[in-house]
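Engineer: Need coordinates for the following:
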Amino acid sequence: MNIAIYQINPDRDENRVAFLNYEKLERFQGSAALRSEIYDKVFEGEVECGTLEEVYQMFNLDHPDGYRGRSLSVSDVVEVVGEEKSTFHFCDSIGFREVDFDPDMTEPLKEKKIKVVLCEPGKVARVAEIGTELSDLQRVEGGLSEPFYAFEEQVYAAMRKNPIIQHHHANHPGIYAPAWKTIEFMTIGNIITLYDSLKETDAKDLVANAYGCSRGVFYNYMETIRVLRNKCAHGGCIYRMDFPRGIKRLPADISADCRHNIKGGIDVVRYILGCISQTRKTELENEIHNLVCSIQTNEAKKVVAQTSKLEC
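Structural biologist: Residues are numbered from 1 along each chain as shown. Here you go, the predicted structure:
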């Protein structure tokens, strides 16, 4: 599959439409038509994908080597290059929407560079220009650096462009708006980054312990929910989905044969929801039971049961 990916450049996004779904475009920029000139081309080439959903999974969850763009998300555009013509698809809150788009009005992604001073034992300090990726830094200093998940750069910088958050900062002091204002605008990935960015391990432990988890298990469960949510939102095949990294068995009581399938993912959601509200957990269980029971043919029930481990 030959594709190209385009993402909004924040410096040219005067209407602050990056990460907004299609329905909100007209409200924020006065028209539902995409403005191609605010986009950068961040990728082009052949990928081993057969559908747009597979493209989403690859560029949202498992970036190919050398990819310099953001994780594929809402407001991005995917070009499917055909022999005679290309089609363009807007990544919406749920699935993709085919749109009019002019790639000639976009700009190539400019690789960002930073200057650093290299101080090596027994050598004269020197100035070097390197890329901004962790791998670029590790390449010049021998791989000693470790990642630090910066909430400000990765999450809140974009949040500051939200009109509600802007209104808050115009009227109240403080570095950040309160959680009850900001979290409703965050993706699950943003919330995971927020958790990663907590400086004090005691704070991380308090959050994880509230759900009966260690830090590592809590992170694993949140990542499981993120993968499951993205699969649902983009129309993926749920009953035979796979969690390659595996789901931690305890405390959600995940069966050994369900650590990589949808049954394990559902059990994680049930467990976390049960820590918040037993009523909501029961409602979820009833809805899933009714959904599975609504499968009409015995053959289909058998396939779903064998693949997903869900009881039909």
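Engineer: how far does the helix or strand containing residue 209 sit from the chain's center?
Structural biologist: Element membership of residue 209, judged by DSSP states H and E, is helix 201-210. Centroid separation for helix 201-210 versus its chain: 23 Å, with CA atoms, centre = their mean, to the nearest Å.
Engineer: quick thing: my sequence starts at 58, can you match it?
Structural biologist: That works, and once the first residue is 58, the last one we named lands at helix 258-267.
Engineer: so where is the chain shaky, pLDDT-wise?
Structural biologist: Residue ranges of the chain with pLDDT under 70: 168-170, 189-195, 197-207, 365, 369.
Engineer: Pick out the residue closest to the middle of it.
Structural biologist: For the chain, residue 246 is the residue whose C-alpha lies nearest the centre (CA atoms, centre = their mean; 4.9 Å).
Engineer: mind checking how far that one is from residue 235?
Structural biologist: In this view, residue 246 and residue 235 are 21 Å apart by CB to CB, to the nearest Å. (C-beta placed from N, C-alpha, C; glycine too.)
Engineer: Over to residue 140?
Structural biologist: Residue 140 is 53 Å from residue 235, by CB to CB.
Engineer: Comparing these two, which shows the higher neighbour count?
Structural biologist: Per other CB atoms under 10 Å, whichever of residue 140 and residue 235 has more neighbours is residue 235, with 10 against 6.
Engineer: Now for that one: which residues touch it?
Structural biologist: Remark: with contacts taken as CB atoms under 8 Å, 6 or more residues apart in numbering, residue 235 is in contact with nothing.
Engineer: What distance do you get for it to residue 225?
Structural biologist: Distance from residue 235 to residue 225, by CB to CB: 8 Å.
Engineer: so who does the residue nearest to the centre of the chain touch?
Structural biologist: Contacts of residue 246 by CB under 8 Å, 6+ apart are 128, 283.
Engineer: what's the angle from the helix or strand containing it to helix 258-267?
Structural biologist: Per DSSP H and E, residue 246 falls inside helix 245-253. Computed by axes from the mean of the first three to the mean of the last three CA atoms, to 10 degrees, the angle separating helix 245-253 from helix 258-267 equals 130 degrees.
Engineer: got the buried residues for helix 245-253?
Structural biologist: 246, 247, 249, 250, 251, 252, 253 (16 or more other CB atoms under 10 Å).
Engineer: ok, now stretch 309-323?
Structural biologist: Quick answer for stretch 309-323 (16+ other CB under 10 Å): 309, 311, 315, 316, 317, 318, 319, 320, 321, 322, 323.
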